[in-house]
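*Asks:* sequence and predicted structure, then a few things I'm wondering about:
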Amino acid sequence: MKRVIISICIVCLVLQSPVDGSISQELTSSTNQFSVDLIKTILHEKTGNIVSCPLGVYFLLATLQQGTGGNSRGEINDALHSQPDETREACRNISTKYATYRERQVTLDFKTRAFINTTFEVKPEFKQTLVEDFKSDIDLVDFTSPDNSSNIINTWVQQSTNNRISSLFEPSDLPQDTVLAVVNAVYFKNFWLNRFYETENKNFSSTPDVTKEVPTMSKVSVYNGGENADLGAKFVHLEFAHTSDFSVLLVLPTERHGLNNVLERLTADNLISLLNYTDFKRVTLSVPKFQLNSDINLITTLPKLGVNEVFHGLANLTGIGDLPLFVGKFVQKAEILVDEGGVTASAATGYTVQQRSGRRYPHVEETMEFIADHPFLFFIVDRVHNLPLFAGRVSSP
């Protein structure tokens, strides 16, 4: 039996047509390009298991884009591959679409909230775009007490992620010169359409020299999947019971321990080709259970995507307020649990601004083996918008 490395990344939704809460193909492409840039940068920065939420970063960087000017805005425009009016449209439509899931059997909470210092005069235009385009709630907070302000923000994060993430900011992250904190929270939970019933310990090779036994789920069923020669990988979509809008996309290098080669070849175009793929096969599937969590300091990551100026004294945040301002913190915490029943994933992303001083399948005959017995990437995929919501790497389940 051929052994291959699997990479799973959790991806968010892609909208195919620019109506009814969707985004255009051009915005889909630019949003996916940023997501791929971010995923590859994070995975090159860090070793071991990683989970991230690219869409959370995209959303918050887009809010920051609205409040910048000059070179600060130009850097963010280049990183997002979009102008401010384009990102407003994308974020407005995605927020509108995601809000509808609160009334359905799919568990997806996607929320943004701005915490504004009670003494800070934020530009009315910036506050308006937060509310209208990013569907953000607004709270007034007294930042003179870092303990109190961090408790207010962290309580909201905890509630918005169903207690999966208990805190995002430490009191030391919110000094008294903080004028604004903008936070996005995501909570996703759904059950497999084809539940796993067979779990047993199987070998997983983390590196060529390290192999261990891990709880591994196995199933033979009909899945949408195939092989992509450009990536040098097999892939398969695992579908959910109550919606076809999302799936988990597993990407498995055909070369054993070839994950780095897959990452080098990964582009927005071939990611979209995987998301749009529809060819069902009878798949012999084997994938480990895993639970991951990550803390990501985006102030070290985003400069590698060309975003530098907002974090320093040259920052131009004149669209937010008249004071001399800069971004003091930009962080993300994310976690995911994949087991026999389904997937639970959550993320909280935030930055601070400080003052300077049941479906039917076609008949199938083709078969495929997908044995995830060494490091892999994972994606949770929004099949409506074709955008990554979460992404990560499993090196040692």
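*Replies:* Perfect, I can see it now.
*Asks:* in its sheet, what does the strand or helix carrying residue 187 sit against?
*Replies:* Residue 187 is located in strand 178-191, with elements delineated by DSSP states H and E. Using DSSP bridges, strand 178-191 pairs in its sheet with strand 107-117 (antiparallel), strand 342-355 (antiparallel).
*Asks:* now do the helices in the stretch 51-200 of the chain.
*Replies:* In the stretch 51-200 of the chain, the segments counted as helices under DSSP state H, counting those that start in this stretch are 54-66, 70-80, 84-99, 124-132, 146-160.
*Asks:* just to revisit the earlier point, list the buried residues in the strand holding residue 187.
*Replies:* Buried residues in strand 178-191, defined by neighbour count with 16 or more other CB atoms under 10 Å: 178-190. Every residue, glycine included, has its C-beta placed from N, CA and C.
*Asks:* of the residues you listed, closest to residue 63?
*Replies:* Relative to residue 63, the closest of the buried residues of strand 178-191 is residue 182; by CB to CB it sits at 5.6 Å.
*Asks:* how close does the nearest residue to that closest one once chain neighbours are set aside sit to residue 353?
*Replies:* With CB to CB, 6 or more residues apart in numbering as the criterion, residue 182 has its nearest non-adjacent residue at 4.9 Å, and that residue is residue 114. Separation of residue 114 from residue 353 (CB to CB, to the nearest Å) stands at 10 Å.
*Asks:* and for residue 215?
*Replies:* Look at residue 215 and residue 353: by CB to CB, they are 44 Å apart.
*Asks:* okay, now residue 376: neighbour count?
*Replies:* 28 (other CB atoms under 10 Å).
*Asks:* what are the phi and psi values for it?
*Replies:* Dihedral pair for residue 376: phi -150, psi 160, per degrees, to the nearest 10.
*Asks:* that one touches residue 259, doesn't it?
*Replies:* Yes: counting by CB atoms under 8 Å, residue 376 touches residue 259, with 7.0 Å between them.
*Asks:* what residues are up against the closest residue to residue 345 other than its chain neighbours?
*Replies:* Closest residue to residue 345 apart from its sequence neighbours, by CB to CB, 6+ apart: residue 336 at 4.2 Å. Taking CB atoms under 8 Å, 6 or more residues apart in numbering, we find residue 336 in contact with 10, 51, 290-293, 343-346, 378, 380, 390, 392.
*Asks:* now do the same for residue 336: helix, strand or coil?
*Replies:* Secondary structure for residue 336, judged by DSSP: H, G, I helix; E, B strand; the rest coil, is strand.
*Asks:* distance of it from residue 372?
*Replies:* Distance from residue 336 to residue 372, by CB to CB: 15 Å.
*Asks:* residues near residue 319, how many?
*Replies:* 20.
*Asks:* and it, what does it touch?
*Replies:* Contacts for residue 319 (CB under 8 Å, 6+ apart) come out as 66-69, 123, 125-126.
*Asks:* could you check how far the nearest residue to residue 193 once chain neighbours are set aside is from residue 332?
*Replies:* Spatial nearest neighbour of residue 193, excluding adjacent residues (CB to CB, 6+ apart): residue 239 at 4.4 Å. According to CB to CB, residue 239 and residue 332 sit 27 Å apart.
*Asks:* more crowded one of these two?
*Replies:* For the pair residue 239 and residue 332, the greater number of neighbours falls to residue 332 (26 against 21), based on other CB under 10 Å.
*Asks:* could you give the angle of the helix or strand hosting the more buried one to helix 70-80?
*Replies:* Per DSSP H and E, residue 332 falls inside strand 325-338. Relative orientation of strand 325-338 and helix 70-80, computed by axes from the mean of the first three to the mean of the last three CA atoms, to 10 degrees: 20 degrees.
*Asks:* longest single strand anywhere in this protein?
*Replies:* strand 210-228 (DSSP state E).
*Asks:* who does that one touch, helix- and strand-wise?
*Replies:* strand 198-207, strand 233-239, helix 268-275, strand 280-288, strand 367-371 (3 or more CB pairs under 8 Å, 6 or more residues apart in numbering; DSSP states H and E).
*Asks:* tell me who's in contact with the closest residue to residue 338 other than its chain neighbours.
*Replies:* Nearest non-adjacent residue to residue 338, counting by CB to CB, 6+ apart: residue 290, 5.5 Å away. By CB under 8 Å, 6+ apart, the contact list for residue 290 reads 49, 336-338, 394, 397.
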